[in-house]
Each structure stands twice: as C-alpha cells, then as structure tokens.
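# I'll drop the sequence and a predicted model, then ask my questions.
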Amino acid sequence: MVRNIVVLGGSSHPELVEQICIKLGIPPGRITLSKFSVGETRVEIQDSVRGKDVYVIQSGCGKVNDNFIELLITISACKTASAKRVTAVMPLFPYSRQPDIPYNKVGAPLAKAGIQKDSYTFESRPGTPAPQPDGAGSGGPPAGQLEHKLSRLALDKERGTSTTPGSPGLTSRPSFLRRQHTGSEILGSTKRDSQKVVYANGTGDWDQHRQPGYKQWVAQAGTLIADLLTCAGADHIITMDLHDPQYQGFFDIPVDNLYGRPLLQRYIQTKIPDYQTAVIVSPDAGGAKRATAIADALGMDFALIHKERRPTKITDRQNATMMLVGDISGRVAILVDDLADTSNTITRAAKLLKERGGATRVYALLTHGIFSGDAIARINASAIDQVVVTNSVPQQENMRACPKLKVLDVSSVFSEAIRRVHHGESISVLFKYD
Ligand SMILES: O=P(O)(O)OC[C@H]1O[C@@H](O)[C@H](O)[C@@H]1O
C-alpha cells in the first residue's frame, strides 16, 4: 500500500482507474463529476488532498474535449486545495496528432453518414464526416448529400458545365457551400467540415486555387494543450506512446512517455506461432522507427508500406496510394502502429499485404485502439485476422463488437510508474524493451 497519495479518476476510463488503484493497494479518491444543464463541467473533490501527491487519470478518448476540460478543472481544484504535487496520467494523450501540420490538408478521414455498419466490404474506406448530433457540425445538409453535391460540382467544372443553369461558377453554389473563412477563399459547408473544401476555382484543386501571398492557416494545437495543462497546475505528465515523442518538448514540466512496446513484443513472442518467420510491417513511413525497433529486438524481418497522401482533387481525398516495400509472400505479416482511429490505415494495409504481397495471415498490433466512427465495422469486414490493442482507452464495447480484437492490460505499467514517481524512484526500468 502506498501512503500520502490520492488517485482521482476522470470520466473517460473508470475501469482503468479501478485496476490501477487495485494494483497500488489504495481506493480511488472520492470525486463527483457532473455537468450543469448548460453543459459546463462541475468537479467536486470529496477527499482532502492537502499536502498529498495527487494523480489524476484521464485518457484522451470518448468526449475528448469535455474530458480534457474536466482534467484541467480537476488539476486546478487539487492545486487550490493545497495538493503538494499533481500529476496528470493520460494513457492516450489527446491532440497528440496535432502538434504539427495535420497529415491531410483536408482533414483526417472520419465516418460516413448514413452507411449501414454491416454494409462494409473489403473495399470500404472512411467517407465524409456527418454533422454531429450535438450541433458541432450543424448548419449543412446531410454529409452524403453534401459529398454528392461537391462531387457533382467538381465534375461539372471538369466538363465545363454548371450545376445551376444560368449562373455558373462560384456564385452558382448553394448558400451552404459559401462559408467564407476570414482572409481565405476556402469554402466549406459546416463548422467541422473544413474537410469538404471547394476552392474558389470550384474544383477542389489546391494548386489551381493557390493565390500569391496567401497560405492556408491550420491551427496547431500542440503548444496550447501543453500550456493549458501546466497553467491548470500540472507538475508532471505520465503518458504512453505519444504519436510524436518530440511532443514532450512542448512542456517545461517532466513528461514520462511510457512504452506499449514491451507488451506488444511479449504478445508476438508468446501468441504468434513461429513468429520468427513472420515479417513486421510498418503501415507508413512515420511508424518505421517504431516497427524496426520491434523487428530488430526480436530478430525478425521488416517491410514498409509507403503511403502517399497528397490529394490534388477533392475526389482523391481518401485515395492515398500505398506501395509495399519488402517481401512477405507466403508469410505472416504483423502490422505495428501507434494507433488506429478510423482504421483506414490498417485495413487498407492489410488488403495490400494479402492481395499484392501474398501474406498468409495479417495481425495488427497497436498501442491505442481509438476506433472512432465505424472503425470496428471496417475491421470486421477487412483482411485483418487479428487486432491487438492495449486498454489505454476503454475496449469493452469494442470487444463485444469485434471478434478479431484482443486487449492487453496497461494498468500494471501505469500503477508501477505512479508508485515509482511517488517514491522518487527511477522509472527507466519501465522503458526497457527487451
Ligand atoms: O487511419 P486511421 O486509423 O484513421 O489513423 C491511424 C494512422 O494515422 C497516423 O497518425 C497513425 O500513426 C496511424 O498510422
């Protein structure tokens, strides 16, 4: 049992909080988390934190923004209640893919509206996001309808015809397409639909649209998120497999970036028959370092999928070309990545590995199984034979919906990190790979 410590759980992942506390041999601190009718977050801490070492556990999943605000308020409440030190334990770090320019100029792929989950096929890809029921995306027509209109506009332009007879060009667009961003000529349909870009030339073609002296401005939230945590009063961050490890440099407080890799490696060694003959595959160049580290540690072969994500036309938005570099013919392929969100990357990679590469079986091993939108349906219909993730975000519902899913428990890693940080011991042993 650890003394003089308080562990508080946010709303995002109660099961993990419970498991961590069991391993630490302490009950979770009493906290009431609720919402005012307007939607604002209310936090009430029932246990005294005066002079205590406090750990607030909140993963960057579910209602990500609400959960993040809840974390900030809880940290701040602990500080003002005279906690000695407050550590934010964030198994999945929110906004961790946004410290730099998003990988896709037109936004990350999200789930398509109106599609039946059981209608997914081997070929399915994420489509245009639907307006959110909470109003976040309100103001436009249904996504499917919008996408259809946008495609028609692009096609009409290519053919030199106009959708609205007698009023060609920009002015012929329906009003929902005319949201003008300050200082730019990017037209979108809904609040969150900067993905649905039709440029002033009406084609979705970035190069043709480009105006001299103007550059599209994309918010890079990384520094802001780091500043908000420290401003709220966080003294220390514990997280796992940051999408970009350099993100630690955005903080001027200690950040312990734990690794999911030992768990994944152990799974390969103990659960994949004849694993030495299998090939570790990175689904994109960005993950090559992570995947080669596992391949090297286990003495396995490595292959890479090169993902070209440079769409030039609106209709190309999700059509990144994938090329396989390496020989996996007649072998088991093990895809390794930090996370799956829509699962577009891993399902397309699996298809390539089986259809073109001749792989006999495909595993996907990921630290964070975010599985937003229809990701699970997509996996069920895909060429992937097994997906292995950690419970850095809740997986109970996903496990019920996906027979291919296996979950590895990270509670021991986090409880041990908390124990060591609390006692001022080194946690480098947790960074040991082999
Ligand atoms: O394709 P989805 O699952 O949406 O996104 C996951 C990919 O996006 C990248 O940032 C991750 O490293 C991973 O390769």
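Thanks, I have it.

# low-confidence bits of this structure, can you list those?
Scanning the chain with the threshold set as pLDDT under 70 gives 1, 99-211, 215, 309-320, 432-434.

# start and end of stretch 38-48, how far apart?
End-to-end distance for stretch 38-48: 29 Å, by CA to CA, to the nearest Å.

# list the buried residues in it.
The neighbour-count check on stretch 38-48 (16 or more other CB atoms under 10 Å) flags Thr41, Val43, Ile45 as buried. Every residue, glycine included, has its C-beta placed from N, CA and C.

# if we look just around the ligand, which residues of the stretch 301-434 of the chain are in range?
Contact residues (CB under 6 Å from any ligand atom) of the stretch 301-434 of the chain with the ligand: Asp337, Asp338, Leu339, Ala340, Asp341, Thr342, Ser343, Asn344, Thr345.

# by neighbour count, which of those residues wins?
Counting neighbours by other CB atoms under 10 Å, Ser343 leads those with 30 neighbours.

# if I look at that one, how far off is Ser372?
Relative to Ser372, Ser343 is positioned 9 Å away (CB to CB, to the nearest Å).

# tell me, what residue is most central in the chain?
In the chain, the centroid-proximal residue (CA atoms, centre = their mean) is Asp341; its distance is 4.9 Å.

# the spatially closest residue to it that is not a sequence neighbour: neighbour count?
If the residues on either side of it in the chain are set aside, Asp341 comes closest to Ile370, at 4.6 Å by CB to CB, 6 or more residues apart in numbering. Neighbours of Ile370 under the rule other CB under 10 Å: 20.

# report the contact partners of Ile370.
Contact analysis of Ile370 by CB atoms under 8 Å, 6 or more residues apart in numbering lists Cys61, Leu92, Leu339, Ala340, Asp341, Val393.

# the last one and Gln58 touch, don't they?
No: here Val393 lies out of contact with Gln58, judged by CB atoms under 8 Å, at a distance of 11.0 Å.

# those two: which is more packed in?
Gln58 (26 against 21).

# so what does the more buried one have for phi and psi?
Per-residue torsions, Gln58: phi -150, psi 120 (degrees, to the nearest 10).

# coming back round to it: can you redo the buried residues of stretch 38-48 as JSON lines with secondary structure and distance to the ligand?
Putting those into JSON lines (DSSP: H, G, I helix; E, B strand; the rest coil; distance: CB to the nearest ligand atom, whole Å) gives the following:
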{"residue": "Thr41", "secondary structure": "strand", "distance to the ligand": "28"}
{"residue": "Val43", "secondary structure": "strand", "distance to the ligand": "31"}
{"residue": "Ile45", "secondary structure": "strand", "distance to the ligand": "35"}
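
# out of those, who's nearest Trp217?
Thr41 (29.5 Å; CB to CB).

# ok, the closest one touching Ile31?
No: look at Thr41 against Ile31 with CB under 8 Å: they stay out of range, at 12.0 Å.

# and the closest residue to Lys84 other than its chain neighbours, how many neighbours?
Among residues not flanking Lys84 along the chain, Gly51 sits closest, at 5.2 Å (CB to CB, 6+ apart). If you count neighbours by other CB under 10 Å, Gly51 ends up with 10.

# show me what contacts Gly51?
Applying CB under 8 Å, 6+ apart, the residues near Gly51 are Asn4, Ser82, Ala83, Lys84.

# give me the buried subset of those residues.
Looks like these have Ala83 buried, using 16+ other CB under 10 Å.

# and the contacts of Gly51, which is closest to the ligand?
Ala83 (34.4 Å; CB to the nearest ligand atom).

# three-state assignment of the closest one?
With DSSP: H, G, I helix; E, B strand; the rest coil as the basis, Ala83 sits in coil.

# number of residues surrounding the residue nearest to Tyr275 when sequence neighbours are not counted?
Among residues not flanking Tyr275 along the chain, Ile268 sits closest, at 5.1 Å (CB to CB, 6+ apart). Counted by other CB under 10 Å, the residues lying close to Ile268 total 22.

# check which helix or strand covers Ile268.
Take DSSP states H and E as the rule and Ile268 turns out to sit in helix 261-271.

# output the contacting helices and strands for that helix.
helix 288-298, strand 361-369, strand 386-390, strand 405-408 (3 or more CB pairs under 8 Å, 6 or more residues apart in numbering; DSSP states H and E).

# contacts for the third one, please.
It refers to strand 386-390. With CB under 8 Å, 6+ apart, strand 386-390 has contacts from 91, 240, 260, 263-264, 267, 340, 346, 363-369, 379, 395, 402, 404-410.

# kindly recompute the last result at 7 Å.
260, 263, 267, 363-369, 379, 395, 404-408, 410 (CB atoms under 7 Å, 6 or more residues apart in numbering).

# before we move on, what about the longest one?
Counting by CB under 7 Å, 6+ apart, helix 288-298 makes contact with 261, 264-265, 268-269, 275, 280-282, 301-302, 304, 336, 338, 433-434, all of which sit outside it.

# what angle do that helix and helix 261-271 make?
Counting by axes from the mean of the first three to the mean of the last three CA atoms, to 10 degrees, helix 288-298 lies at 50 degrees to helix 261-271.

# buried residues in helix 288-298?
Buried residues in helix 288-298 (16+ other CB under 10 Å): Ala288, Arg290, Ala291, Thr292, Ala293, Ile294, Ala295, Ala297, Leu298.
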